[in-house]
Each structure stands twice: as structure tokens, then as C-alpha cells.
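Peer 1: Here is a sequence together with a model predicted from it:
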Amino acid sequence: MKTRITELFGIQHPIIQGGMHFVGLADLAAAVSNAGGLGLITALTLKTPELLAREIARCHTMTDKPFGVNLTFLPTFSEPPYAEYIAAIAEGGVRIVETAGRSPEQYMPALKAFGAKVIHKCTSVRHALKAESIGCDAVSVDGFECGGHPGEDDIPNMILLPRAAEELTIPFVASGGMADARSLVAALALGADGMNMGTRFVATKEAPVHENVKKAIVAASELDTRLVMRPLRNTERVLKNAGVDRILQIESERGDKLQISDILEQVAGVYPKVMVEGVMDAGAWSCGMVAGLINDIPSVHELITRIMKEAEQLIHGRLAGMLKGSGQRAAVELA
């Protein structure tokens, strides 16, 4: 399948593995790229730029296909050395960067200096247009369904994607609620040039996370996510667990007096406990509503091959069949 996204990034299939904390390591990124998609290493999971450089080098030994690095600009207590991370990306020979969180505007000159193609994650059309205006090559449009931070507008992809298609001139992919061939075909129909999957890729054999995490996603339904940190305007969609219930209880009790320090224990340092140790009630960890569509733990190659095969069947079979039938009826009516 050829789209503006496959052409831009030199990949076979219009499927991107989004950056995910403690998930986006070389193991998963290489598997996605080897299967024809675009794999991404999550830079800030690696604690230093030197460790990122090693992970990039490791990924190069696992695939000769294009892969990228996710660099997230989020409010933190101490800002990471972003310039050094960018230098590690450049020196590692990576030419695709997914940015997320705050606007990457101040870092665009550094990224463009080594020829990076930048795709920025956005949760609104206005942010996507800003990304386009500062020179981003593509955007990932995240609907309200997505795991992680969906923004504060609460616009789902059935509205957000066609609005983005009306406004943008650069390519964009759909993110949030993406899991299978139906997701891909729907995203293309709504104007996107491909799709970004996060939660779906966590539940694969190559994802470097504890088996408990994968089983929890498979067991979850579309009703099992919760929104935390809404009063702080830092909303995050996470999988329901005892730690998340505690956050929601504290948020309810504190009301408009809530501060991040009130829930720090349930949100800080949680990812190693969940993703590495498999302690599922440790606190808030990102998961999309799409968990309700995930029923197995395939290899990445099996997943992407299945998606592309079934997408072709949907387009040539179900959808083309509908057009063929309507065309025949129209001909009879005209006669």
C-alpha cells in the first residue's frame, strides 16, 4: 500500500509504532520496521543521551529498515538534556523523529540541521496546524480514545480526523483507537495517510514488557480505562487498577485544591514497577480504549501482515462489493 506516509518515511506499510515509555526499545522498534512499518525508540526511557546512543546502535544491528526516535517535551521537575539527546539521534544515523508533548519549535533548527523528518503528535487541529507552520513534515493526530495524554478538547477521531484532513496540507496519521484492518481502512477513509498504534503493539510477543501487562490488555474491555489528572489539565487515559482508583479518590477529595504532589506516589516511578516487574496495581499507566479490540498476543510480523491482508480484503471485498451492487442498481433504474 502506498500513501504519503509510506513515501515520506520509505516504509512498506502505513503503520507506525508510537513512542511509549518503557515499551519503545530496540526490540519492538526493530520488529515493527522489519515487518514493514515504522518502529520508534522512546528516547526518555533511556536515562541519558549515552544510553540512547547505545540503544540506537543496538537497533541498527537488528534491522536495516528505517526506524525513528520519539522525543517527548513534557513539563518535568528537571528538564532532560534535549540538545544532547538530539545529538545522539543525529550521530546515530537516525533521520526520523517523532516529537510529542510541548511544541518542538525551539528544537526544529537542530533537527532539520541533520535532515530529520519530523512527525509531531497533536490532539487538536489547531496544534496540528501549528506543527505544520513550524516545519514539521507530518503529524500524528490523536483522538480522545487514545492511551496516554489525549489533550483537553475531548474530540474523538470520527470528528478529529476529517477536520484535520480539511485543514492540513502535510501528511498525517490517525492515532487513538487503532488496532486492526478496520482501524486502518477507516482512518484512510477519514482522510489520514496511515495509522499509529500504541496499546496494540504493547500486546505483541516482541514488546519488552512483563507478560502481566500484555495479559491485562487482552483481558480489558473498552470500558476499563479511566481519565486521571483532569483537574490539573494534564489528562491521562490509563488502565483501571487499585492505584488508579486511589488517584481518583484523592482527586475527588481534594477538588479544586488538588496539586500534583497529592498524587505523586501513584504517578511517579510507576512504569518500571508495571512494565518491568509486572505489578499491575502500582499506579497509573497509559492504555487506550482500544484494549477492547485486542484479543491476542501475536508477533509483530503476524499482526502487521494480518492487518494489511484484511485491509485489502475490506477494500476490495466489502467496500468495492457495495459499490458494485449500487452501480448495478443505478444502471437498472436508469434503464
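Peer 2: Sure, I can see it.

Peer 1: sec struct for E84, please.
Peer 2: helix (DSSP: H, G, I helix; E, B strand; the rest coil).

Peer 1: Any buried residues in stretch 142-157, and which?
Peer 2: 142-151, 155, 157 (16 or more other C-beta atoms under 10 Å). C-beta here means a position set from N, CA and C on the backbone, and glycine is covered the same way.

Peer 1: Go ahead and name everything in contact with that stretch.
Peer 2: 20, 101, 121-124, 127, 141, 158, 160-161, 163, 174-177, 187, 190, 196, 198-199, 225, 233-238, 286-290 (C-beta atoms under 8 Å, 6 or more residues apart in numbering).

Peer 1: ok so, going back, closest to S78 out of the buried residues of stretch 142-157?
Peer 2: Using C-beta to C-beta, H149 is the member of those that lies nearest S78, at 19.6 Å.

Peer 1: pLDDT score assigned to the closest one?
Peer 2: Looking at H149, its pLDDT is 93.

Peer 1: do A189 as well
Peer 2: For A189, pLDDT reads 98.

Peer 1: Test my guess that A83 contacts A113.
Peer 2: No - counting by C-beta atoms under 8 Å, A83 does not reach A113; the two are 11.5 Å apart.

Peer 1: follow-up on the earlier one: adding secondary structure and distance to A242, write the buried residues of stretch 142-157 out as TSV.
Peer 2: Shown next, in TSV, are the buried residues of stretch 142-157 (DSSP: H, G, I helix; E, B strand; the rest coil; distance: C-beta to C-beta, whole Å):
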residue	secondary structure	distance to A242
D142	strand	27
G143	coil	28
F144	coil	25
E145	coil	24
C146	coil	23
G147	coil	19
G148	strand	20
H149	coil	22
P150	coil	23
G151	coil	27
I155	coil	31
N157	helix	30
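
Peer 1: what sits against V218?
Peer 2: By C-beta under 8 Å, 6+ apart, V218 lies in contact with 203, 291, 294-297.

Peer 1: Sitting in strands, which of these do you find?
Peer 2: Using DSSP state E, no member of these falls within strands.

Peer 1: Show me the one in these that has more neighbours than the rest.
Peer 2: Within the contacts of V218, neighbour counts (other C-beta atoms under 10 Å) peak at A291, which reaches 25 neighbours.

Peer 1: ok, the closest residue to it other than its chain neighbours to F114 distance?
Peer 2: Leaving aside its chain neighbours, A291 sits nearest to A220 (3.9 Å; criterion: C-beta to C-beta, 6 or more residues apart in numbering). To F114, A220 is 40 Å away according to C-beta to C-beta, to the nearest Å.

Peer 1: The two: which is more packed in?
Peer 2: Legend: neighbour count by other C-beta under 10 Å for A220 and F114, higher for A220 (21 against 15).

Peer 1: Do I have it right that that one meets C287?
Peer 2: Yes - the criterion here is C-beta under 8 Å, and A220 meets it with C287 at 7.1 Å.

Peer 1: Where do the strands of the stretch 51-200 of the chain begin and end?
Peer 2: Counting by DSSP state E, counting those that start in this stretch, the stretch 51-200 of the chain has strands at residues 67-73, 96-101, 117-122, 138-142, 172-175, 195-197.

Peer 1: List the strands paired with the third one, with their directions.
Peer 2: Put plainly, it is strand 117-122. In the sheet, strand 117-122 lines up against strand 96-101 (parallel), strand 138-142 (parallel) (DSSP bridges).

Peer 1: Looking at the strands of the stretch 51-200 of the chain, spot the one closest to N212.
Peer 2: The closest of the strands of the stretch 51-200 of the chain to N212 is strand 195-197. By C-beta to C-beta, the value is 20.6 Å.

Peer 1: low pLDDT regions in the stretch 1-150 of the chain?
Peer 2: Within the stretch 1-150 of the chain, the segments meeting pLDDT under 70 span 75-77.

Peer 1: cutoff 90 now
Peer 2: Scanning the stretch 1-150 of the chain for pLDDT under 90 picks out the ranges 74-79.

Peer 1: I'd like to know how far I11 sits from I307.
Peer 2: When I11 is compared with I307 (using C-beta to C-beta), they lie 14 Å apart.

Peer 1: Sorry, wrong one. I was asking about K215.
Peer 2: On the measure of C-beta to C-beta, K215 and I307 end up 22 Å apart.

Peer 1: With neighbour numbers in mind, choose between those two.
Peer 2: I307 (25 against 14).

Peer 1: What's the separation between the nearest residue to V238 once chain neighbours are set aside and E251?
Peer 2: What sits nearest to V238 in space, not counting adjacent residues and going by C-beta to C-beta, 6+ apart, is A284, at 4.3 Å. A284 sits 11 Å away from E251, going by C-beta to C-beta.
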